[in-house]
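1. generate a structure from the sequence data that follows.
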Amino acid sequence: MKVPSGKEQAREEFEKFVGSCAADLLRTGYLVVWDLAAAEDLVQECLFRVARRWHKVRTMDHPTAYARRILINLALDSAARRSRQRSELAHHDRSALQDRLDIGAARQMGLIESRMELAHAVAALPPRQRAALVLRYFEDLSETETAEALGCSVGTVKSTTSRALERVRQVISSAPERADSLVPEHSSIRNGAIRHD
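-> Below is the predicted model of the structure:
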């Protein structure tokens with residue numbers, strides 16, 4: 001049996017790393033940028049950057065946290081460009097699409113409606129606030145881990161998260177009868193659902 005060379009072993013380790021974290025990185029990227037194609041591009045660029053430094057990354061205690069930080073930095077750095085592209089591609093008349101929505105059916109499916117409203121409210125956040133919410137409540141990272149991923153202090157994470165939650169409440173307050181049930185004063189968001197603390 002042939003013993004793998006150092007390069008072959010490093011490649012195998014990197015492939016295992018990619019297999020273990022690519023899906024999570026893609027989910028995080030999608031929740032931060034709210035665009036699957038853009039998230040896939042970000043993950044690809046992130047993994048390319050990790051691969052270039054794999055000789056150092058492979059010895060880190062938490063290589064996935066390192067990759068997540070690269071992903072978040074890439075997402076935040078390219079947020080203005082993506083926003084400009086979206087506005088250039090946006091349809092001037094969305095009324096035809098809105099007319100096709102079956103509002104009655106959506107109202108019958110309260111949970112689905114709640115998730116959709118929550119998703120739209122999170123999507124409306126500025127990129128850094130959205131990233132903070134995604135890392136804290138969808139990825140279930142601690143304040144310290146979120147601070148490391150965002151490259152900021154724990155205090156900044158707390159204030160950014162607080163502002164983001166308040167903004168989500170404001171966005172969904174256009175439907176006052178549902179606002180309290182969607183984002184109560186003391187709640188956490190887990191895997192796209194609301195959980196009261």
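
2. so for the strand or helix carrying residue 9, mean pLDDT?
-> In this assignment (DSSP states H and E), residue 9 forms part of helix 6-33. Mean pLDDT, computed over helix 6-33, is 93.

3. the helix or strand that that helix is followed by packs against which elements?
-> Secondary structure here is assigned by DSSP H and E; on that basis, the next helix or strand after helix 6-33 toward the C-terminus is helix 36-52. Taking 3 or more Cβ pairs under 8 Å, 6 or more residues apart in numbering; DSSP states H and E as contact, the helices and strands that helix 36-52 lies on are helix 6-33, helix 63-77. In this view, the C-beta of every residue, glycine as well, is placed from N, C-alpha and C.

4. average pLDDT for helix 36-52?
-> Taken as a whole, helix 36-52 carries a mean pLDDT of 95.

5. repeat for stretch 139-146
-> The average of the pLDDT scores along stretch 139-146 is 92.

6. hmm, who's touching that stretch?
-> Contacts made with stretch 139-146 from outside it, assessed by Cβ atoms under 8 Å, 6 or more residues apart in numbering, are listed as 24, 28, 65, 68, 132, 135-136, 149, 154, 157-158, 161, 190.

7. and the two most separated of those residues?
-> Between all members of those, the longest pairwise span (Cβ to Cβ) is found for 24 and 158 and amounts to 23.9 Å.

8. measure residue 117 to residue 46 for me?
-> Distance check for residue 117 against residue 46: by Cβ to Cβ, to the nearest Å, it reads 30 Å.

9. ugh, wrong one, I meant residue 30
-> Computed with Cβ to Cβ, the distance linking residue 30 and residue 46 is 13 Å.

10. more neighbours: the two, which one.
-> residue 46 (26 against 19; other Cβ atoms under 10 Å).

11. surely the more buried one and residue 67 touch.
-> Yes. Applying Cβ atoms under 8 Å, one finds residue 46 in contact with residue 67, separated by 5.8 Å.

12. now do the shared contacts for these two.
-> Counting by Cβ under 8 Å, 6+ apart, the common neighbours of residue 46 and residue 67 are residue 25.

13. quick one, which of the contacts of stretch 139-146 are buried?
-> 28, 68, 132, 135-136, 149, 157, 161 (16 or more other Cβ atoms under 10 Å).

14. excluding its backbone neighbours, what's nearest residue 47?
-> With Cβ to Cβ, 6 or more residues apart in numbering as the criterion, residue 47 has its nearest non-adjacent residue at 6.0 Å, and that residue is residue 18.

15. ditto for residue 51
-> Nearest-residue entry for residue 51: residue 14, 6.0 Å, with adjacent residues in sequence omitted and distances by Cβ to Cβ, 6+ apart.
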